[in-house]
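# here's my sequence, what's the structure:
(one chain, ligands or ions: 1)
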Amino acid sequence: MTEQNTATGALHISATRDSLMHDLADWLVKQTLQRPEAPFRIALSGGSTPQHLYRLMTEEPYVSRFPWQRMQFFLGDDRFVPHDHADSNYGMMRRLLFSRVPVPAENIFPMPDKGTAEQAAKEYEATLKQIYRGDALQAGKPLFDVNLLGLGTDGHTASLFPDQPVLQERTAWVAPCVPPVAPHTRLTLTYPAIHASRYVIFLVEGADKKEAVTRVRAQDPACPASAVTSAGDLIWFLDQPAAPAPQN
Ligand SMILES: O=C(O)[C@H](O)[C@@H](O)[C@H](O)[C@H](O)COP(=O)(O)O
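Model (predicted):
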């Protein structure tokens, strides 16, 4: 794993997808041990990439190393569909991770799937504010320890898609959105909610993502992921095929 600090976040580059998932799982275990008495709050990403990580977390040695009893799981975004729908991110996480590890049910916070998308976004935001014990995000008091994000080839992340009104949202923590090029109405954390993290992690693998990674790291404004910031650190966990060409 090679590490380079650059303006737009440290790069952790692993040789293969498999070693990438192990490197990130090892890193996550280490983070959970930094504050052994506190709840560890992590927002998970949907999509296919992190599924390799979620499966790995349920296997030895990781299933014995994570402090599941004090980990709290949130979603960075979800499709506004019933939790048992094939496209539900929560449904995927429940199948691959939550049903296979001893995390207490009360420590898992799915995005609501009832009512309207607007109501569900407000409900999730109220849940986050209750856990945060405050209505306004405060510098130095992150909402999440880790915010795990993926990256689309168009530079979207979570459900922050190009040219969408939600990209202008700087007050709400959760918002509904209707991506023009992806199925389903979505619920997504907004930029301020993602920013309120000790660590924002981009987990990206595969040669098809290399161009998007390069564009985002060059801060291409057409890529919503370019505007993602972190109150703490922003780190890219990449496999070699997704890694940008070294800056000369
Ligand atoms: O709900 C989702 O699908 C994710 O939040 C989305 O932002 C995902 O991370 C990217 O689309 C990359 O998806 P892949 O990992 O499948 O390439």
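# and the helices in this protein?
Remark: helices assigned in the chain by DSSP state H are 17-32, 49-57, 62-65, 89-96, 117-132, 191-195, 210-217.
# per-residue confidence averaged over stretch 17-37?
Over the span of stretch 17-37, the pLDDT mean works out to 96.
# that one vs the ligand: in contact?
No. Judged by Cβ under 6 Å from any ligand atom, stretch 17-37 stays clear of the ligand, getting no closer than 11.2 Å. All C-beta spots, glycine's among them, are computed from the backbone N, C-alpha and C.
# pull the distance from that stretch to the chain's centre.
14 Å (Cα atoms, centre = their mean, to the nearest Å).
# go on, stretch 28-45?
The mean C-alpha position of stretch 28-45 is separated from the chain mean by 14 Å, Cα atoms, centre = their mean.
# quick check: buried residues in that stretch?
For stretch 28-45, burial by neighbour count (16 or more other Cβ atoms under 10 Å) applies to 28, 32, 40-45.
# kindly check the end-to-end length of that stretch for me.
14 Å (Cα to Cα, to the nearest Å).
# what's the closest of the buried residues of stretch 28-45 to the ligand?
residue 45 (4.7 Å; Cβ to the nearest ligand atom).
# farthest pair in the buried residues of stretch 28-45?
32 and 45 (17.7 Å; Cβ to Cβ).
# from the centroid of this protein, which residue is nearest?
The central residue of the chain, meaning the one whose C-alpha is nearest the mean C-alpha position (Cα atoms, centre = their mean), is residue 148 at 2.6 Å.
# who does that one form a beta bridge with?
residue 201 (DSSP bridges).
# before we move on, what about residue 238?
As assigned using DSSP bridges, the partners bridged with residue 238 are residue 13, residue 204.
# over to residue 186?
residue 79, residue 177.
# isn't it right up against residue 77?
Yes. Counting by Cβ atoms under 8 Å, residue 186 does reach residue 77; the two are 5.8 Å apart.
# list residues touching both of those two?
Shared contacts of residue 186 and residue 77 (Cβ atoms under 8 Å, 6 or more residues apart in numbering): residue 159.
# residue of the chain closest to the ligand, please.
residue 150 (2.2 Å).
# residues contacting that residue?
45-47, 49-50, 157, 202-204.
# now do residue 216
By Cβ under 8 Å, 6+ apart, the neighbours of residue 216 are 8, 151, 155, 202, 223, 225-226.
# go on, residue 58?
96-97, 100-101 are the contacts of residue 58 under Cβ under 8 Å, 6+ apart.
# so among those, which ones count as buried?
96-97.
# can you sort out which of the contacts of residue 58 also neighbour the ligand?
Of the contacts of residue 58, not one also sits near the ligand (Cβ under 6 Å from any ligand atom).
# which single one of the contacts of residue 58 is nearest to residue 193?
Of the contacts of residue 58, the one sitting nearest to residue 193 (Cβ to Cβ) turns out to be residue 97, at 21.6 Å.
# residues in contact with that closest one?
Taking Cβ under 8 Å, 6+ apart, one finds 54-55, 57-58 in contact with residue 97.
# what do you get for residue 100?
Contact analysis of residue 100 by Cβ under 8 Å, 6+ apart lists 58, 63.
# quick check: the gap between it and residue 232.
For residue 100, the distance to residue 232 equals 29 Å [Cβ to Cβ, to the nearest Å].
# flag every residue of this protein that's near the ligand.
45-49, 76-77, 89, 150-152, 156-158.
# for the residues you listed, give me JSON lines that also has pLDDT.
Output for the residues of the chain next to the ligand, formatted as JSON lines (pLDDT from 0 to 100):
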{"residue": "45", "pLDDT": "98"}
{"residue": "46", "pLDDT": "98"}
{"residue": "47", "pLDDT": "97"}
{"residue": "48", "pLDDT": "98"}
{"residue": "49", "pLDDT": "98"}
{"residue": "76", "pLDDT": "98"}
{"residue": "77", "pLDDT": "98"}
{"residue": "89", "pLDDT": "98"}
{"residue": "150", "pLDDT": "98"}
{"residue": "151", "pLDDT": "98"}
{"residue": "152", "pLDDT": "97"}
{"residue": "156", "pLDDT": "97"}
{"residue": "157", "pLDDT": "98"}
{"residue": "158", "pLDDT": "98"}
